[in-house]
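In: compute the structure for the input listed below.
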Amino acid sequence: MNTLSNKRVISVAVTGSWPTKADNPNVPIHPEEIAQSVFESWQAGAAVAHIHVRDDEGRPCMDFDKYKRVVELIRANKECDINLNLTTSGIGGLDDDLRIYPLEQLRPELCSYDCGSMNWQNNAIFENHPRFLERLGLACQELGIKPEIEIFDTGMLYSALYYIKKGVLKAPCHFQIVLGAPGGMTVDLDHLLYLHRLLPEDCTWSACGIGKGHMPVMLTTIALGGHLRVGMEDNVMYHKGIPAKSNAQFVARAKRLLEEAGYQPASPEEARQIYGLRPRT
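Out: Numbering: from 1, shown residues only. The predicted structure follows:
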C-alpha cells in the first residue's frame, strides 16, 4: 500500500499582493513578520509556504533584498523544513529578468507559474507574456524548481497543456486552481469540477477560493482528493465578520477538516515526494 495515498499537502499563502493591515492587522507585511508566520504555519501542519513580499510602505514588490531576507530568516531555523514557493508576480509590467532573478539566486523548491494574462477588476493587468512563460518554464527545468501552474480560468489550463506538449513544462506537473480572483473564474463549484476534469491524469493539483469562496472550495477539493491552499493572500476573515488571527489558524482548520475526512496532512518531506520536488540539501 502506498503510504502517501492518504496524505494531502497544505500550502499556506501568507501575504499575497493585495491584503493590507487595514483589512486585517494580522496580515504579515515585513520580512520578520512573514518568516514568523511561515514558521507558525509549519508548526500547524503546512508543508509549503507561498511567498510574496512588500516594500516598506506595504505595497507589492519584487525587491530581491526583501525576498533574500525572508528566505534567509526561514532557512536559518533548522527545525523548519517547509518547502518554499516564491511568486514570479505579473503585476505592473515587471521586467522578465527581475521576475526570474530571485529563483536563480535563492533556489526555492517551487515557484508560481501563472499560465496567462488577465485584467484584474481593480484596473491592473496581470501580465504573463508567452515570451516570459517559455523562458520561465525552461529556467525552472534548469534550476530544478517545480512550477506551480496557477489556473485562474479555462484558457490558462489549455495554455499549460500546450506548454507541456511543447516541452516548456515538464510532466508530471503540479496545478493550483484559483477561483474567485477578480477577473478570473468565479467561485462556482461547477467551475472547479470542470477544471478538475481537464487536468492531466498524471498531475498533482490543489485548489483555493478567494474570500467567501474559501470554505466551499476547500471542502470540495477534499472530496475530490486534491491538496489544499489556505492563507491570508486569499482570505483575511476566519468567519464572516471575524478577522483571522493568523495564517496558522487557517492551516489548523484545514488540518482538522482533512483528518475528519480520513486524510493526514503531508509533512514537508512527504510533500517533496508527492509533488516530485528535488531533495532538500
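In: do you know how far G211 is from V251?
Out: With distances taken as C-beta to C-beta, to the nearest Å, G211 is found 18 Å from V251. Any C-beta I mention is one placed from the backbone N, CA and C, and that applies to glycine too.
In: neighbour count winner among the two?
Out: Legend: neighbour count by other C-beta atoms under 10 Å for G211 and V251, higher for V251 (26 against 13).
In: name the nearest residue to that one, sequence neighbours excluded.
Out: Distance criterion C-beta to C-beta, 6 or more residues apart in numbering; nearest residue to V251, sequence neighbours excluded, is A44 at 4.0 Å.
In: that neighbour against K245, yeah?
Out: No - taking C-beta atoms under 8 Å as the definition, A44 is not a contact partner of K245, at 11.6 Å.
In: tell me which of the two has more neighbours.
Out: Legend: neighbour count by other C-beta under 10 Å for A44 and K245, higher for A44 (21 against 11).
In: okay, the more buried one: pLDDT?
Out: What the model reports for A44 is a pLDDT of 98.
In: and what of L157?
Out: On the pLDDT scale, L157 gets 98.
In: the stretch 1-150 of the chain: helices as residue ranges?
Out: Along the stretch 1-150 of the chain, counting by DSSP state H, counting those that start in this stretch, helices occupy 31-44, 64-76, 96-106, 130-143.
In: which of these is buried the deepest?
Out: helix 31-44 (a mean of 21; mean count of other C-beta atoms under 10 Å).
In: so how far is that one off the chain centroid?
Out: Going by C-alpha atoms, centre = their mean, to the nearest Å, the spacing between the C-alpha centre of helix 31-44 and its chain's C-alpha centre is 15 Å.
In: so where is the stretch 151-281 of the chain shaky, pLDDT-wise?
Out: 281 (pLDDT under 70).
In: quick one: the strands in it?
Out: Using DSSP state E, counting those that start in this stretch, the strands found in the stretch 151-281 of the chain span residues 174-179, 204-209, 227-230, 237-239, 242-243, 264-265.
In: please identify the most buried of these.
Out: Neighbour counts (mean count of other C-beta under 10 Å) averaged over each of the strands of the stretch 151-281 of the chain peak at strand 227-230, with a mean of 28.
In: quick one: contacts of stretch 183-195?
Out: Stretch 183-195 has contacts (C-beta atoms under 8 Å, 6 or more residues apart in numbering) with 118-121, 126, 151-154, 157, 177-180, 207, 209-213, 216-217, 220-221, 224.
In: tell me how far the residue nearest to V251 lies from L179.
Out: From A44 across to L179, the span is 24 Å (C-beta to C-beta).
In: cool, E109 as well?
Out: Plainly put, E109 is 25 Å away from L179 if you go by C-beta to C-beta.
In: how about N83?
Out: From N83 over to L179 the distance is 23 Å, taken as C-beta to C-beta.
In: distance check, V178 against W205.
Out: 12 Å.
In: T220 too?
Out: Computed as C-beta to C-beta, the T220 to W205 distance reads 12 Å.
In: test my guess that G155 contacts D114.
Out: No - at 12.0 Å, G155 does not count as touching D114 under the criterion of C-beta under 8 Å.
In: what residues are up against the nearest residue to G180 once chain neighbours are set aside?
Out: In this structure, G180 finds its nearest non-sequential neighbour in I210, 3.3 Å apart by C-beta to C-beta, 6+ apart. Listed by C-beta under 8 Å, 6+ apart, the contact set of I210 reads V178, L179, G180, A181, V187, D234, N235.
In: let's see 6 Å
Out: G180, A181, D234 (C-beta atoms under 6 Å, 6 or more residues apart in numbering).
In: for the second one, give me phi and psi.
Out: What it means is A181. With angles defined as degrees, to the nearest 10, A181 sits at phi -70, psi 140.
In: list the buried ones in stretch 272-280?
Out: By neighbour count on 16 or more other C-beta atoms under 10 Å, the buried set for stretch 272-280 is R272, I274, Y275, L277.
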